[in-house]
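Student: compute the structure for the input listed below.
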Amino acid sequence: MTWMWITNPEELERVKPLEAEGVRVRAEIAEIVSLGSDTACRLCGVETALTEEHAPSGKAGNRGRLIRGMIDHAASAAGGSVVWRGQMIQGGAKYDSLCAACNNTTGSWYNGAYVRLVRAAAKLATPRTAGAACDVAVLNPQRVAKQALVSMVATSQPGLTAR
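Tutor: Sure thing, here's the model as predicted:
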């Protein structure tokens with residue numbers, strides 16, 4: 001993968017002080033990835049067949065079509081400006097990253113509370129409430145937080161759990 005800073009040409013000088021931090025972050029990511037395996041469950045670390053994980057869950061509304069926008073690094077580096085490419089995905093954002101046991105267990109333990117939060121928040125997501133703070137009653141906030149954490153770990157690079 002090509003690593004690059006994305007900036008306007010007139011702001012290039014502002015980016016230079018960040019180069020050392022970029023090197024540090026890339027080294028840390030490489031270390032994390034080296035600890036893991038693409039065929040290991042992101043949650044428990046077991047090497048096994050991975051199942052399709054919706055993140056966020058399909059029951060929380062992640063089922064429709066989406067377009068995944070990605071920067072084409074090779075074309076961007078060659079042309080000197082950002083080149084985007086898109087990919088149409090059916091059925092929501094999905095990742096082969098959890099074993100069947102972790103996928104099924106976390107879904108049955110935590111997802112119900114997360115889905116209730118999503119449905120309660122969806123009722124408040126209106127143009128009238130844009131930019132405003134809204135109160136949402138949450139049953140089992142610990143389960144909501146655990147489901148959110150499982151989604152983040154499931155979509156992380158290999159090695160995060162080992163680290």
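Student: select the longest helix from the protein.
Tutor: Counting by DSSP state H, the longest helix found in the chain is helix 100-124.
Student: residues contacting the very next helix or strand once past that helix, please?
Tutor: Sequence order places helix 141-154 as the next helix or strand after helix 100-124, per DSSP states H and E. Applying C-beta atoms under 8 Å, 6 or more residues apart in numbering, the contact partners of helix 141-154 are 42-43, 53, 55-57, 95, 97-98, 102, 106, 109-114, 117, 138, 160-161. Where C-beta positions appear, they are placed from N, C-alpha and C, glycine not excepted.
Student: chain center to helix 141-154, what's the gap?
Tutor: 12 Å (C-alpha atoms, centre = their mean, to the nearest Å).
Student: so where's this protein uncertain?
Tutor: Applying pLDDT under 70 to the chain flags the ranges 1-7.
Student: Arg24 - that's part of a strand, no?
Tutor: No. According to DSSP: H, G, I helix; E, B strand; the rest coil, the state of Arg24 is helix, so it is not within a strand.
Student: sorry, back to before: so which bits of the longest helix of the chain are buried?
Tutor: The neighbour-count check on helix 100-124 (16 or more other C-beta atoms under 10 Å) flags 102-103, 106-107, 110-118 as buried.
Student: one more: stretch 29-41?
Tutor: Buried residues in stretch 29-41 (16+ other C-beta under 10 Å): Ile32, Val33, Gly36, Ala40, Cys41.
Student: touching, the last one and Leu98? I think so.
Tutor: What it means is Cys41. Yes. Cys41 lies in contact with Leu98 (C-beta atoms under 8 Å); the separation is 5.4 Å.
Student: so what's in contact with those two at the same time?
Tutor: Contact with both Cys41 and Leu98 is made by residues Leu50, according to C-beta under 8 Å, 6+ apart.
Student: give me the outermost residue of the chain relative to its centroid.
Tutor: Residue farthest from the centre of the chain, counting by C-alpha atoms, centre = their mean, is Glu10 at 31.0 Å.
Student: can you tell me how far that residue sits from Ser76?
Tutor: Applying C-beta to C-beta, to the nearest Å, the value for Glu10 to Ser76 is 18 Å.
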